[in-house]
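Colleague: What would the 3D arrangement of this be:
(2 chains)
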There are 2 protein chains.
Amino acid sequence: MAEILNGTKLAKKINNNTAKEVKKLSKKPNLVAIQVGKNEESSLYIWTKAGKASEIGIRFKHLILKENTSLKKMLKVIKELNEDNDVDGIMVQLPLPKHIDPKIIAEAIIPSKDVDAFHPLNKGLLDMGSANLIPPTALGVIELLKEYKIDLQGKYIVILGTGEISGKPLAKLFINEKCTVTMCNKNTEDIYAFTKNADILISAVGQKDLITNKDIKKDAVVINIGITKDLDGLHGDVNYEKVWNKASYITPTTGGTGPMTVAILLRNTLECAKAKNGTKK
Amino acid sequence: MAEILNGTKLAKKINNNTAKEVKKLSKKPNLVAIQVGKNEESSLYIWTKAGKASEIGIRFKHLILKENTSLKKMLKVIKELNEDNDVDGIMVQLPLPKHIDPKIIAEAIIPSKDVDAFHPLNKGLLDMGSANLIPPTALGVIELLKEYKIDLQGKYIVILGTGEISGKPLAKLFINEKCTVTMCNKNTEDIYAFTKNADILISAVGQKDLITNKDIKKDAVVINIGITKDLDGLHGDVNYEKVWNKASYITPTTGGTGPMTVAILLRNTLECAKAKNGTKK
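Modeller: As a prediction, this is how the structure comes out:
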């Protein structure tokens, strides 16, 4: 039976530390989340972040722009936030409407306020192992593994999904930890040829029951990031019940990587505020 | 019998195009190569680049700093080159002496003159598929594969070596081409478990005879980047004679990726000059 990688518990610990650090500051850090349109899930994600921010003592502003907001208008909003000395962190909730290129948005947010670490400069610094800001979901996975003292060096990691939020930054983090890493995408002919050999398997796809007990190695560590929703509720890529008996460690479908993402996003906001005030390089 | 991926031939084609473009410019592009100390191999590499630059019509300055040059002094030299409007490209030949951190140097060269594409901003743009400047060795491999119309989408790529010059940027390029990618390093328990399944195998290690016929899949594409030198001469990671009969395409030990690196470095210099003069965005 697998041990549960309890993201809720570790996130709480991180949030407590962040709250303590926030108390030491003369001014509360200020995070602005931009949402374009009224995607219900986006709203839910932002409300979760807002709720935790409030608990921790981080100011949080939820900026909702109309679905048809032009790129130009959005860049103007971001520029104002970049220049506003009272704003410490800026995040844009994905997905964006089709007429707004997320790459342009990623380059628009000033790297020092880029709490999601999507700016190319922050991506490049992560490559080099010198990043101050690391994408929250990816870093959350690594910190969760380390919390449970799971040794990484030399391990074989298989990552399903090559997105900017988790797949790509996770690959970099694992490579910096001296792991062997395979990245699979939707063009991969047979993902199971890889998943079956993984010491640590990360699934960030968004496909119900993609991974079940026959698809993993005995005693593998299995991390679920991808989530899908249907009438029956929320489902992970990993069929938790089936994999549970074969894995050594496993994240629950909820309470695994999700709370870690929020905790690290808010800690990143704190780091931005501290860097601005010169209390940290 | 494998078909040879003739880097010398493709490099010549690229160099001819670069020379044509250079002729159209009112002022010849200017590349400055910085060498620290008198490492004989570094000198050889730079002379090769200087020779090709001269053929193509690119001005080339070989700046040799003393082995004991301080980081501060070196940063001063780079700053002056950054600010010198007559300089289009700047490259620092690796390896550097131990007291100089290559990461600091990578961040010092202004991204718009960074012909080796080592600056974190250029690394991040490569992640996003939006880079103007791409590390020459890595891009050389991709262009060589494309020249021979080798289909990449969905292929399984195994990369041995996770360095900044070839392994890491190659992984990004292949991921952007929708490949499945495995990156191995010196901590990988059994590289051959991966190499034997690769559709395209890239070796950038620097270990003689690391790859021989038993280590590859029949009809694999095999690319050698790593080179070692001993009293018998130059050796690739790949034992060319033995792999020759089993591979579908193979680079020769010399005349494969080497000339491509130089050709793309010089084309990058041209691109920098054009961008500066506003003839290209």
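Colleague: Now do the same contact list for the spatially closest residue to residue A:146 that is not a sequence neighbour.
Modeller: Leaving aside its sequence neighbours, residue A:146 sits nearest to residue A:152 (C-beta to C-beta, 6 or more residues apart in numbering or on different chains; 7.9 Å). Every C-beta, even on glycine, is put in place using the N, C-alpha and C of the backbone. By C-beta atoms under 8 Å, 6 or more residues apart in numbering or on different chains, residue A:152 lies in contact with A:142, A:145, A:146, A:174, A:177, A:178, A:179, A:200.
Colleague: okay, which residue is most central for chain A?
Modeller: residue A:137 (1.8 Å; C-alpha atoms, centre = their mean).
Colleague: Which residue ranges of chain A form strands?
Modeller: In chain A, strands defined by DSSP state E lie at A:3-4, A:30-36, A:59-65, A:89-92, A:156-160, A:180-184, A:200-203, A:221-224, A:227-230, A:233-236, A:249-250, listed in chain order.
Colleague: From what I see, the residue nearest to the centre of chain A and residue A:165 are in contact.
Modeller: Yes - counting by C-beta atoms under 8 Å, residue A:137 touches residue A:165, with 5.4 Å between them.
Colleague: Compare the contacts of residue A:152 and tell me which has the most neighbours.
Modeller: residue A:174 (25 neighbours; other C-beta atoms under 10 Å in any protein chain shown).
Colleague: Please tell me how far that one sits from chain B.
Modeller: Residue A:174 sits 9 Å away from chain B, going by C-beta to the nearest C-beta, to the nearest Å.
Colleague: Identify the residues contacting that residue.
Modeller: Contact analysis of residue A:174 by C-beta under 8 Å, 6+ apart lists A:142, A:152, A:157, A:159, A:181.
Colleague: would you turn those residues into JSON lines with pLDDT?
Modeller: Shown next, in JSON lines, are the contacts of residue A:174 (pLDDT from 0 to 100):
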{"residue": "A:142", "pLDDT": "98"}
{"residue": "A:152", "pLDDT": "97"}
{"residue": "A:157", "pLDDT": "98"}
{"residue": "A:159", "pLDDT": "98"}
{"residue": "A:181", "pLDDT": "98"}
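Colleague: between the residues you listed, which is nearest chain B?
Modeller: Of all the contacts of residue A:174, residue A:181 has the smallest distance to chain B: 5.1 Å, by C-beta to the nearest C-beta.
Colleague: which helices and strands does the longest helix seen in chain A pack with?
Modeller: Counting residues, the longest helix found in chain A (DSSP state H) is helix A:257-276. The criterion is 3 or more C-beta pairs under 8 Å, 6 or more residues apart in numbering or on different chains; DSSP states H and E, and the helices and strands that helix A:257-276 contacts are helix A:7-24, strand A:30-36, helix A:40-56, strand A:89-92, helix A:136-147.
Colleague: Confidence-wise, which of these is weakest overall?
Modeller: Mean pLDDT values for the helices and strands packed on helix A:257-276 show the minimum at helix A:40-56, a mean of 94.
Colleague: Which residues does that one contact?
Modeller: Applying C-beta under 8 Å, 6+ apart, the contact partners of helix A:40-56 are A:15, A:18-19, A:22, A:31, A:33, A:35, A:59-60, A:62, A:93-95, A:229, A:262-263, A:265-266, A:269.
Colleague: ok, back up a step: please work out which of the helices and strands packed on helix A:257-276 is packed deepest.
Modeller: Most buried of those, by mean neighbour count (mean count of other C-beta atoms under 10 Å in any protein chain shown): strand A:89-92, with a mean of 26.
Colleague: Spell out which residues belonging to chain A are near chain B, please.
Modeller: Contact residues, chain A versus chain B (C-beta under 8 Å from any C-beta of the partner chain): A:103, A:106, A:119-125, A:127-128, A:130, A:153-154, A:156, A:162, A:164, A:168, A:171, A:175, A:178-185, A:187-189, A:193-194, A:197.
Colleague: Of the residues you listed, keep whichever come out buried.
Modeller: A:106, A:119-125, A:127-128, A:156, A:162, A:164, A:168, A:171, A:175, A:179-185, A:188, A:194, A:197 (16 or more other C-beta atoms under 10 Å in any protein chain shown).
Colleague: Quick one: residues contacting residue A:36.
Modeller: A:64, A:65, A:66, A:67, A:69, A:74, A:92, A:93, A:96, A:97, A:100.
Colleague: Return the distance of the closest residue to the last one other than its chain neighbours relative to chain B.
Modeller: It refers to residue A:100. Counting by C-beta to C-beta, 6+ apart, residue A:100 lies nearest to residue A:71, which is 5.4 Å off, once chain neighbours are set aside. As judged by C-beta to the nearest C-beta, residue A:71 and chain B stand 16 Å apart.
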